[in-house]
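Visitor: mind folding the following:
(chains A and B)
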Amino acid sequence: MQPITLHSFDGGIHPQENKQQSTQSPIVQLPIPAQLVVPVGQHIGAPADVIVAVGDLVLKGQIIAQPKGFVSAAIHAPTSGKVVSIEQRELPHSSGLNGTCVIIDTDGQDQWLEEIANGSRAIADYLEADNDVLISRIRDCGITGMGGAGFPTSVKMAVKGKQIDSLIINAAECEPYITADDMLMRERALAAIRGIQILMKLTSADNCLIGIEDNKPEAIKAMEEALHKVHGEHHITVVTIPTKYPSGGEKQLIKILTGKEVPSGGIPSSIGIVCQNVGTCEAVYRAVAEGKPLISRITTITGESVEQPQNVEVLIGTPVKHLLDFAGFKQEKSLFQKLLGSFNSSSSSSSSESKPRIIMGGPMMGFTLSNDELPILKSSNCILAPSQKELPANDIASACIRCGLCTEACPADLLPQQLYWFSKSGELDKAEQHNIADCIECGACSYVCPSQIPLVQYYRHAKGAIKEERATQQKSDRSRVRFEARQDRLDREVAEKEAKRQARAATAEKAQAAKKAAAAKAAEEAAKNGTPTEGAGSTDPSGTPTAAAKPEPVDLEKLQKQLDAAQAGLKKSMDKVAEIKAAAAASPNQDGASEDGSNQDGTNDGSEHLAVFEKAVANRRDKVKLLAVQIAEAKKSAPPVIKEVTRVDIEKKLRAQQDRIDKTQQRFTLAQEQGAETLPALQKGLDKQMQKLKELEEDLAQFDKAGV
Amino acid sequence: MSSILIAIVLLATLAIIFGAVLGFAAVRFKVEGNPIVDQIDHLLPQTQCGQCSYPGCKPYAEAIANGEKINKCPPGGESTIIALADLLGVEPEPLDAEHGAEKDGPMVALIREDECIGCTKCIQACPIDAIMGAAKQMHTVIIDECTGCDLCVEPCPVDCIDMVPIATTLQNWHWDKPDNLIATTAKSEKSLEKNHEQGVH
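Guide: A predicted model of the protein is given here:
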């Protein structure tokens, strides 16, 4: 193999490494905590679906949440125990938002799932196995990138149809304080190399470069020794690279090792490269060769506030507090705060750092945890508990002096100062033009800034705002499409109705003409034969409803039937009217008039047919009057039923309203007990309903008054 | 004399040729409708709420193209007004309070489903068909499509629709802008001093 020529990337910084503190002792297995908090959304992509229930007993390695969708990862029980709760808990995330977590009370047995314990899930001849089998095993074992972002490894490895030249193993571990990968390589080099072989087989890469910074000589030695133990041709090379932050950035490492640059907005596989963290390789080996899911990881616990900085193998879901206690976290105030307290006891605002500051991740890219109950995730490579002196919290920024140091430090060749102005003033389009999307948020610019401006936070905000803006734009585009589709549909419906109406009008005209002709013929015949013209009325084809109103002597029963029919017609036309939004305002009057049930759709079509329709209304009103008069005549002795009915109606409404309020109140108290988020909405609804009840009661009172 | 004639003939010929070319282009590349309307429509938030007194965003876009004021869109708020002013080359104006106030954040309608009586009135009111349901069946809002236009709230006979702000999730959360603190106060000077004492930059 030809010797590797190293390249370099522009910018970068050399912060104090602070790595030696935590590499003095070997990796220790952390005791099992009493309770584990396992979030189901630890990776990039959709959170997994919980498949266990509260009260279930789970064994170590048992799947507790299944991946949902392609970009997702399974979650397994880190040890044996009992699921005591599945609830929303705060996640170790810079947002401080809640996510679904499975809470497991451990039983201390640490009992493996039977299939894993007896090795039946292990694939012994993994280098001969089918790629699909390997990928599905990696997916089943919930392997995600262990370097920080937590991208599901099975997705990254599914590179079908893409030509991959090199697999690059990221073992640079450039961020200060963190030594998890360093210790892993020292102690588990062979497993990592075997994992790399599996990944090389999956990607069918021609060669593999392991990039390790030259500040980890033990790790380099261990990896090279492990390589000697691998039989046959392997095409794996350990490359020592100079120590510089952020050489562990994916794009930066690729540039150093190959000289190639990942195009803006692209991913490494577009230039034939796949990059993986060395810890991930070891996890892949364990998943494939031992059948063990990703349930623990090596985490560095360091900083001046802990007595024994070290690396520990910790179960996923272990509360950070457990880790801190193990390493001897000193809770007391730092010396500086004591001094400040004695000199200036009144300034309580300055000593706001009384709460211990714990950082997940490194000092450059990590974030401060809001409390120490938060769990360790698959991607948590470091817990940093610095003293105030070691890593002062800078909350006050000075004005930018345009020194340009940030531009020199930027490893992505961006213009941090310009991006700062644009992000600050909200000129997102300009920030986008200056390729803010290519910022890797490494923090080098903030580190060198003499004014202590939190530059990266500005960029993160701007990136998020750009993303949000884009999402809003997409949504509004969708709304436009939906709105236009709806308009088209309404127009089409109106057109169809109009066509139907015209067709009906044409048939009616024809019938009318036929009737006239028949009448004329009958009259002619009558004139001829001298018979009376009674027959003419009975031949009327369209007059059934009209005829019903005409007969003079009518009994009550028949009238009642007609009234029922009219009511049914009324209801039908009401439903129809409800469908036609355009005529909504005018509809109630029309409904009242259409007593005969022969509802004409044309009447609702709008102002165009207003004249026709008004005529129809007038006709119907006359009919209603006629019918009403007849009914009144027929039941002169009957009591005023209508009034009674209305009173009953109001009472009915009142009862229904009370029922509804009872129901809402029940839900409200339930929500109160659970502390649900819908509480204000429910409260609002309840208020509205109470008001309605009052109104109804007033109505009833008024009605009674009027009635008496 | 002849040179003048030649010039006149030449210019006349040229004029005829260019006239023909322009005339052809006017017919061949005729633009249907007013293209500025689409550009304006693209900037409007597409809530289709009608608060501008036009029946939808497209009609308002057409009205703006015909000289209507640009400050009648409360859902779009200040950012939309500025974008429109940029596009049309006019001065941005403050939002016309007559048409409503800008809301703090995006809202969506939420039906309290236990109370829904299935009257379909909200379905007919929704300008973008984002409510599902049938007569006498429970209705529900498609949250991802709802623009928060409020139009469904009024028609509901049992008042079971609430407007709720969109919840922040891990998917849509993003970092806040840093507080704009500049070290000019006594407190900050002290903090700089203390940092200096510790030998930290």
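
Visitor: tell me who's in contact with residue B:114.
Guide: A:663-664, A:667 (C-beta atoms under 8 Å, 6 or more residues apart in numbering or on different chains). (C-beta placed from N, C-alpha, C; glycine too.)

Visitor: what about it, distance to residue B:160?
Guide: To residue B:160, residue B:114 is 8 Å away according to C-beta to C-beta, to the nearest Å.

Visitor: can you give me the helices for chain B?
Guide: Using DSSP state H, the helices of chain B run over B:2-28, B:35-43, B:57-65, B:77-88, B:121-125, B:186-197.

Visitor: what's the pLDDT at residue 188?
Guide: No chain specified, so I'll use chain A. The model reports residue A:188 with a pLDDT of 93.

Visitor: other chain: chain B
Guide: Looking at residue B:188, its pLDDT is 44.

Visitor: repeat for residue A:304
Guide: On pLDDT, residue A:304 comes in at 89.

Visitor: if I look at it, how far off is chain B?
Guide: Remark: distance between residue A:304 and chain B (C-beta to the nearest C-beta, to the nearest Å) = 13 Å.

Visitor: for that residue, which non-adjacent residue is spatially closest?
Guide: Closest residue in space to residue A:304, ignoring its immediate chain neighbours: residue A:387 at 4.0 Å, by C-beta to C-beta, 6 or more residues apart in numbering or on different chains.

Visitor: filter the contacts of residue B:114 by proximity to chain B?
Guide: The subset of these within reach of chain B, by C-beta under 8 Å from any C-beta of the partner chain, is A:663-664, A:667.

Visitor: list just the nearest of these to residue A:693.
Guide: Among the ones next to chain B among the contacts of residue B:114, residue A:664 lies closest to residue A:693 (C-beta to C-beta), at 11.1 Å.

Visitor: residues in contact with whatever residue of chain B ends up closest to chain A?
Guide: Per C-beta to the nearest C-beta, residue B:174 is where chain B lies closest to chain A, at 2.1 Å. With contact set as C-beta under 8 Å, 6+ apart, residue B:174 has these partners: A:460-461, A:463-465, A:467-468.

Visitor: filter those down to the buried ones, PyMOL style.
Guide: A single PyMOL command selects the buried members of these (16 or more other C-beta atoms under 10 Å in any protein chain shown):
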select buried, chain A and resi 460+461+463+464+465
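
Visitor: and the contacts of residue B:174, which of them are in helices?
Guide: Those of these mapping onto helices are A:460-461, A:463-465, A:467-468, per DSSP H.

Visitor: point out where chain B drops to low pLDDT.
Guide: B:180-201 (pLDDT under 70).

Visitor: quick one, domains of it?
Guide: Split into domains by automatic domain parsing, chain B comes to B:35-99, B:104-173.

Visitor: endpoint to endpoint, the longest one covers what distance?
Guide: Put plainly, it is domain B:104-173. End-to-end distance for domain B:104-173, by C-alpha to C-alpha, to the nearest Å: 16 Å.

Visitor: cool, and stretch B:145-156?
Guide: Taking C-alpha to C-alpha, stretch B:145-156 runs 19 Å from one end to the other.

Visitor: what residues sit buried inside that stretch?
Guide: Of the residues in stretch B:145-156, those buried (16+ other C-beta under 10 Å) are B:145-152, B:155-156.

Visitor: next one: stretch A:309-324
Guide: For stretch A:309-324, the neighbour count (16+ other C-beta under 10 Å) marks A:309-320, A:322-324 as buried.

Visitor: output it as CSV, nothing but the C-alphas.
Guide: In CSV, the C-alpha atoms belonging to stretch A:309-324 read as follows (Å, rounded to 0.1, in the frame of the first residue of the first chain):
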residue,chain,number,x,y,z
PRO,A,309,-11.6,11.7,36.3
GLN,A,310,-11.9,8.4,34.3
ASN,A,311,-13.6,6.5,31.6
VAL,A,312,-16.5,4.2,32.6
GLU,A,313,-18.6,1.7,30.7
VAL,A,314,-22.1,3.0,31.6
LEU,A,315,-25.6,1.6,30.8
ILE,A,316,-27.7,3.8,28.5
GLY,A,317,-30.3,5.5,30.6
THR,A,318,-28.1,5.8,33.7
PRO,A,319,-28.8,9.2,35.4
VAL,A,320,-25.8,11.5,35.2
LYS,A,321,-26.0,11.9,39.0
HIS,A,322,-25.1,8.2,39.4
LEU,A,323,-22.0,8.8,37.3
LEU,A,324,-21.0,11.9,39.2
